[in-house]
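# What would the 3D arrangement of this be:
(one chain, ligands or ions: 3)
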Amino acid sequence: MTTPPERLLDRIDRPQDLHGLTEAELEQVAQEVREHIIDTVGEIGGHFGANLGTCELAVALHSLMDSPRDKILWDVGHQAYPHKILTGRRDQLPTIRQYEGLAPFCSIPESEHDIMGAGHASTSIGYGVGLAEAMKLNGDHPAGKVVAVIGDGSMTGGVAFESIHQAGGLQTPMVVVLNDNGMSISPNVGALSGYFNRIRLNPKLWHAREDVEHALTELPAGIGSRIGRLGPQLKESLKAFWAPGLLWEDLGWAYVGVIDGHDVRALRIALRKALDAQRPVVVHIATVKGKGFAPAEDGGLEGMEQWHAAKPKSITNRAPTIVSKAKPKAPGPAAPPQYTKVFGEQLVREAKRDPRVIGITAAMNSGTGLNILQKELPDRYFDVGIAEQNAILFAAGLALEGIKPVAAIYSTFLQRAFDQIVHDVCLQKLNVVFAMDRAGLVGDDGPTHHGAFDISYLRCLPNMVLAAPRDEALLVDLLHTSLVYDDGPFGLRYPRGEAVGVPLPATPREIPIGTGEVLREGNRVALLGYGSGVAKSLEAADILAERGMEVTVADARFAKPIDVGLVAQLAAEHELLVTVEENVLAGGFGSAVWEALNDAGVSGATARILRVGLPDRYVTHGKPALLHAEVGFTGERIAERIAAAVGDTSSFEPVTAE
Ligand SMILES: Cc1ncc(C[n+]2csc(CCOP(=O)(O)OP(=O)(O)O)c2C)c(N)n1
Ligand SMILES: CC(=O)[C@@H](O)[C@H](O)COP(=O)(O)O
Ligand SMILES: [Mg+2]
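Residues are numbered from 1 along each chain as shown. Ligands and ions are numbered 1, 2, ... in the order given. Next up, the predicted model:
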């Protein structure tokens, strides 16, 4: 058995091990990183295409810089696997996104080389300005170098331009590497994307301008734009060389590009210049999302979108795993549909019912299910890019003119648009529907992506209605209800993944606002679930029933307004009222019940309240079942706590703290 040739990569245990390698060796390391990612992620699953696009970039950066003294920031961090491999985590890559394994994105506690925490897009440049200015304030001389790597998709996030604006004004010595592959998760959108594409896809603008760039980079800030204001003749002729940099130059940034992002030598030449410039410099590189993996690289836009993430066991011998058609599907009931698909299909029905209905995504076309609307009714579909704040302002403008916009934005990403929700939708009492997919613990993406807070951050807003379905049938009904409702904003939350597996209504019902329903009669204890909390409540009720304790289970359906009558009735007829929600407790659904009982001055409400929800901490990454077990969001644990609360622990292990 011939032993495989030793990889150069096996000698890279810290980034400084790259220093001194020849360019050929650096190219080899980059390819070995690529192969390691294909082999590993093809087996365990995870973010994929973007990582194949940054192999050469990560090698070039770490070969020139002295991390962590020098700071390399990875925007979002879904493309940081090469960075992790080169900074001592090569052998741990198979644990990435696994429970207690490497974090899905950059994580400060995980490594001194992970300078910033991330997961949400467009933040790296702002961090970079802060870091660079801090080194100045701290009197660091010579200060460390600061590089922010940001994708063309993430550049559509407005906060990135707030940072570009600040650094250009301060003339902060930092480098932005614009990693331009023409893709977000789906193809990038908007004018900025068109601008980048014109440059990236124009071979005349590749390299040909390196010496010009050299001149520009040497020039003091702004001179570029002053030259640009010379006679139109000169400007026109310069524009052929120069156009790409105009936007940046006028904002005080030197522009270097377009550089081949898979050519280590070209990258190092450009990066070295930029790092030595002691001013804001953007290095515009062209990469391929999925470079080195043919189904992505040669698969066109569809291929690159498909391989943004790879499923577990989806790649064998560096090629897509062939699933043999011969194997008959295991008999038995079909798996329940994804909530996302149920939402997307119902939205199309609602849009056909009411021409005012439209859908808005912030660069999450398939993740939100709006790809279904885009296919069926393209003129009712809008993708604003990674720009959640603008998505909500756009929705507000539409609503002012009587349109019924549905902003389909993950719970966690909607956090970015909080003031637009308050100031531009709720205060104005506009008919905007917030369809919050990924509510609750999402799993592998971990704390940056868990939808753990939306009940709390929305329930405090006057004019807001909040609802959550216990299953896919109620999702259909509540989406319909939200679009028939015309007295202000309506927030709808539902979890990532499979629904419950109940039949969908042929005709959606309009659910009376603020009404819940009792699902199961019992005594002593009432469980009042919200959204995914109802299924957990039913699980707990089954466990208690096996032990001879028949409890009541009700579905609140609304967190705002609360069904005060139902809550009062449950509180009067039971000794313990248990609220169950997949949200932090602070300000959550249980708080709303507590407040309703207190504010309503409900007489006779003798029940004690036990609130079950997510803990007051950031929950790690891992499969949802493991996370639910860790935080006690399971039928078993809820049943234990109820038994302990009513003093009947005969058939339960002692209750352990969460
Ligand atoms: C605020 C926010 N919205 C949406 C996302 C989801 N998301 C993750 S990566 C990505 C696309 C990023 O595109 P780009 O920056 O070009 O990186 P690429 O994947 O092309 O390398 C999106 C939309 C996010 N992480 N953060
Ligand atoms: C990096 C990022 O933010 C997205 O790729 C996210 O991981 C998608 O999440 P879903 O897989 O839940 O759509
Ligand atoms: Mg991109």
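# What is the neighbour count of residue 200?
24 (other Cβ atoms under 10 Å). All C-beta spots, glycine's among them, are computed from the backbone N, C-alpha and C.
# Now do the contacts for the closest residue to residue 453 other than its chain neighbours.
Leaving aside its chain neighbours, residue 453 sits nearest to residue 584 (6.0 Å; criterion: Cβ to Cβ, 6 or more residues apart in numbering). Residues near residue 584 by Cβ atoms under 8 Å, 6 or more residues apart in numbering: 452, 453, 456, 613, 614, 615, 616.
# Setting aside sequence neighbours, what's the nearest residue to residue 475?
Leaving aside its sequence neighbours, residue 475 sits nearest to residue 469 (Cβ to Cβ, 6+ apart; 4.0 Å).
# Surely that neighbour and residue 480 touch.
No - counting by Cβ atoms under 8 Å, residue 469 does not reach residue 480; the two are 11.1 Å apart.
# neighbour-wise, which of those two wins?
With neighbours defined as other Cβ under 10 Å, residue 469 and residue 480 compare such that residue 469 has more, 27 against 21.
# circling back to that earlier point, can you select the buried ones from the contacts of residue 584 in PyMOL?
The buried residues among the contacts of residue 584 can be selected in PyMOL (16 or more other Cβ atoms under 10 Å) with this line:
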select buried, resi 452+453+456+613+614
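# Just the ones in strands from the contacts of residue 584, please.
Counted as lying in strands by DSSP state E, out of those, are 613, 614.
# of all the contacts of residue 584, which two lie farthest apart?
Greatest spacing in the contacts of residue 584, by Cβ to Cβ: 456 and 615 (13.4 Å).
# list the contacts for the residue of the stretch 451-600 of the chain with the smallest separation from ligand 2?
Nearest to ligand 2 in the stretch 451-600 of the chain, going by Cβ to the nearest ligand atom, is residue 496, at a distance of 5.3 Å. Applying Cβ under 8 Å, 6+ apart, we find residue 496 in contact with 339, 340, 437, 438, 440, 442, 443, 451, 624.
# Assign it to helix, strand or coil.
Of the three states, residue 496 takes coil under DSSP: H, G, I helix; E, B strand; the rest coil.
# separation between it and ligand 3?
Remark: distance between residue 496 and ligand 3 (Cβ to the ion, to the nearest Å) = 23 Å.
# Likewise for residue 470?
Remark: distance between residue 470 and ligand 3 (Cβ to the ion) = 38 Å.
# That residue against residue 499, yeah?
No - contact criterion Cβ under 8 Å: residue 470 and residue 499 do not qualify, at 9.8 Å.
# where does the protein have low pLDDT?
1-4, 207-244, 326-330, 601-605, 648-658 (pLDDT under 70).
# Would you mind pulling the contact partners of the top helix by length along it?
Identified as the longest helix of the chain according to DSSP state H is helix 23-44. Helix 23-44 is contacted from outside by 7-9, 12, 18, 21, 47-48, 51-52, 55-56, 58-60, 63, 81-82, 85-86, 90, 93-94, 96-98, 264-265, 268, 291-293, 310, 312-316, 318, 321, using Cβ under 8 Å, 6+ apart.
# List the buried residues for that helix?
Buried-residue list, helix 23-44, by 16+ other Cβ under 10 Å: 25-44.
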